[in-house]
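> Predicted model and sequence below, questions to follow.
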Amino acid sequence: MNRRTFYMFMSPSLLVMLMLMVFPLVTSVWLSMQFMTFRNINTPEFVGLANYLEVFGDRKFWQAFTFTMTFIAIAVPAQISVGFLIAVLLDQVSSRIRGIYIAAFLMPFIVVPVVGTLMVKQLFESGGIVAWAYRALLGTRFIFTEQSVKSLIIVHSLWAATPFPLIVFFAGLQTLPDELIEASMIDGATRLRQVRHIMIPHLRSLFVFVGLISIMDAYRVFDSVFVLTEQNPIYKAEVMMLYTFRTAMSVQRLGKANAMSVITVVMILVVLVPFLLRTYKEQTEER
Amino acid sequence: MRRIDNRYALTVIYALLTIYALFSVIPFFWTTIQSFKTPRQANSRVPLFIFEPTADNYTDLWLKTIPDDPLLVAAVLVAIFGLLAFAGMQARRFPFPRGYVYLGILAVGFAVLWSIPGYVRTQTFYDYFLNTIIVTFGTICISISIGCLAGYALARYSGIAGVVILVAALGFRSLPGMSYILPYWWFGQRSGLYDTHILLIITLVAINQPFTIWMLRSFFMNIPKEIEESAMVDGANRLTAFLSVIIPIMWPGIISTALFTLLLAYSDFLLVRILTQSNWTLTVAISKYAAGEDPGHITLAAAAAVSAAVPIIIVVFIFQSQLVKGLTSGAVKG
């Protein structure tokens, strides 16, 4: 295919991405230097870097940042290890039964995030089945507090996000040749050592890929926190995205919210750029 | 000897898998049960599993007044959609191309859905449902049309520009939606498109475009070049060859990508929440049921959650093989 035809075929999609992805990002940087509320959308006031200074001095911003980082540090390793464990176990089961298990495992992944969160929340409402078990076992009522809401956000993420590493690792294990396992059996390797010395090295690149995606998904978690906290600040469980959202929509400080979103983009790029460079190299070699 | 044959070990494996499967499905199971209870039953101290089910939550959610002959209305609807589904399954027996059959089914289905409020007094929840259909359907159509052209070009072009576009798209995809949506809000306010379907559709198309072109490209790469080359030797130009030879054999890939686009558009919460004021989709409408003081909100929230989940579960059930294929192939190839 020559260059001209390439751009002809590419142009509609390219136009959409330039107009609605590149241009908004530039606009966001510009908006972040304005003082803008819902009242002066058409006549913003240029304030330079004042919004950024305000964000860095904002106690609530750092609170949201700390919680987001804690969330990533707990949820992502948990999702990946549970996903890996279940994938290895699933690999042991006969293929006829696998289908049923996979269907069950995928349910939380496919359902709309807001709906899934509402469903998990139902278990903990008064009259809910987990709330009842909690009372029966511990003797006290389950109440929504700062600690319990934060734990609930993490449990929900384990429920909703684990299917992704699970399915990817399971698919990766299917590409592992049987001969490798058999050879190691003859050498007298135990099952545990097979996992450690054959399966994990075989899935290494997938671990990197899944880890990166999971970290970025955890960073931009919004829907579930929105539903579980009901936007109530007493739980102190705001994540970065929710705080940005509230700054823009409830507090109506659009410039400041855009400054936060620019800071977020910069932080994500730090993680992302090495991965993008690697993809670039791979794709140029493949070409 | 890949598999364990020790009986005790196998029992433990099955037990662990079953526990995890229960962990995955219990919220669905419990919410469905709650949605058929009265608020009193739903709030009882000990969870009730045996009770007299009531459909009140669903009728409260969807209807302003219950029609005089609810069974007749339900029977007519079931008959119409059953007939449409049957026509869809038998599409290859019609004396004209299958595409026309599917288009006809879609047209009739939409006409029926849109004429329902003329006969039955529905709640705003039904309007949100119709909004969801417009937005999801519009997004899929535009996104797949322009995505197919781009995905094909990226699969066949070997210049460096193709790689740059792909990597840039991956980068855009990885940024949080918030970074685009706040500027979209500002565009929307300035242009007067705020709270319209058009704004939702074009922004959803844009946000999903990187994913769409990556996925479609990987499907186009599996199609051998010789196919369109032979058509082009016969005198067709690139576009004709693409439309008449490549697209017809691409349907499995297109359906798979469309399914993921559907899931993304149907699920989107943040974008719709920020860019609309009253023209919500179901996802946003449902978040309103999350909080509430009166005891009835639990059962109503359960009914709303089940109502929004059912269409997706039906679609996924119909296309499940494409879904798993797309999930594993797309993900493993990275």
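Thanks, I have it.
> Can I get stretch B:191-209 in PDB, CA atoms only?
The C-alpha trace of stretch B:191-209 is given here as PDB (Å, rounded to 0.1, in the frame of the first residue of the first chain):
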ATOM      1  CA  SER B 191     -20.700  25.000  21.200                       C
ATOM      2  CA  GLY B 192     -24.100  24.400  22.800                       C
ATOM      3  CA  LEU B 193     -23.800  20.600  22.200                       C
ATOM      4  CA  TYR B 194     -23.800  19.900  26.000                       C
ATOM      5  CA  ASP B 195     -26.400  17.400  27.000                       C
ATOM      6  CA  THR B 196     -27.000  16.100  23.400                       C
ATOM      7  CA  HIS B 197     -26.600  12.600  22.000                       C
ATOM      8  CA  ILE B 198     -24.300  13.800  19.300                       C
ATOM      9  CA  LEU B 199     -21.700  15.000  21.800                       C
ATOM     10  CA  LEU B 200     -21.800  11.700  23.600                       C
ATOM     11  CA  ILE B 201     -21.500   9.700  20.500                       C
ATOM     12  CA  ILE B 202     -18.600  11.600  18.900                       C
ATOM     13  CA  THR B 203     -16.600  11.700  22.200                       C
ATOM     14  CA  LEU B 204     -17.200   8.000  22.900                       C
ATOM     15  CA  VAL B 205     -16.100   7.200  19.300                       C
ATOM     16  CA  ALA B 206     -12.900   9.200  20.000                       C
ATOM     17  CA  ILE B 207     -12.200   7.700  23.300                       C
ATOM     18  CA  ASN B 208     -12.600   4.200  22.000                       C
ATOM     19  CA  GLN B 209     -10.900   4.800  18.700                       C
END
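> Buried residues, it. List them.
B:193-194, B:199-209 (16 or more other C-beta atoms under 10 Å in any protein chain shown). For glycine as for every other residue, the C-beta is placed from the backbone atoms N, C-alpha and C.
> which of those lies closest to chain A?
Lowest distance from chain A to these (C-beta to the nearest C-beta) belongs to residue B:206, with 3.3 Å.
> Tell me who's in contact with that closest one.
A:16-17, A:19-21, B:180 (C-beta atoms under 8 Å, 6 or more residues apart in numbering or on different chains).
> And the helices in the stretch 151-300 of chain B, which stretches?
Remark: helices assigned in the stretch 151-300 of chain B by DSSP state H, counting those that start in this stretch are B:160-174, B:178-191, B:197-221, B:225-233, B:238-241, B:247-267, B:270-275, B:282-287, B:296-318.
> Pick out the shakiest of these, pLDDT-wise.
Mean pLDDT is lowest for helix B:225-233 out of the helices of the stretch 151-300 of chain B, coming in at a mean of 84.
> Out of the helices of the stretch 151-300 of chain B, which is closest to residue B:81?
helix B:296-318 (10.7 Å; C-beta to C-beta).
> how far is that closest one from where the chain is centred?
Distance of helix B:296-318 from the chain centroid (C-alpha atoms, centre = their mean, to the nearest Å) equals 13 Å.
> when you compare where that helix runs with where helix B:247-267 runs, what's the angle?
170 degrees (axes from the mean of the first three to the mean of the last three C-alpha atoms, to 10 degrees).
> list the buried ones in helix B:296-318?
In helix B:296-318, counting by 16+ other C-beta under 10 Å, buried: B:296-309, B:311-312, B:315-316.
> Now do stretch A:73-92: distance to the chain's middle.
15 Å.
> cool, and stretch B:177-195?
23 Å.
> And the contacts of that stretch?
A:20-21, A:23-25, A:27-28, A:31, A:41-42, A:220, A:222, A:241, A:244-245, A:248, A:254, A:257-258, A:261-262, A:264-265, B:199, B:203, B:206-207, B:270-271, B:274-279.
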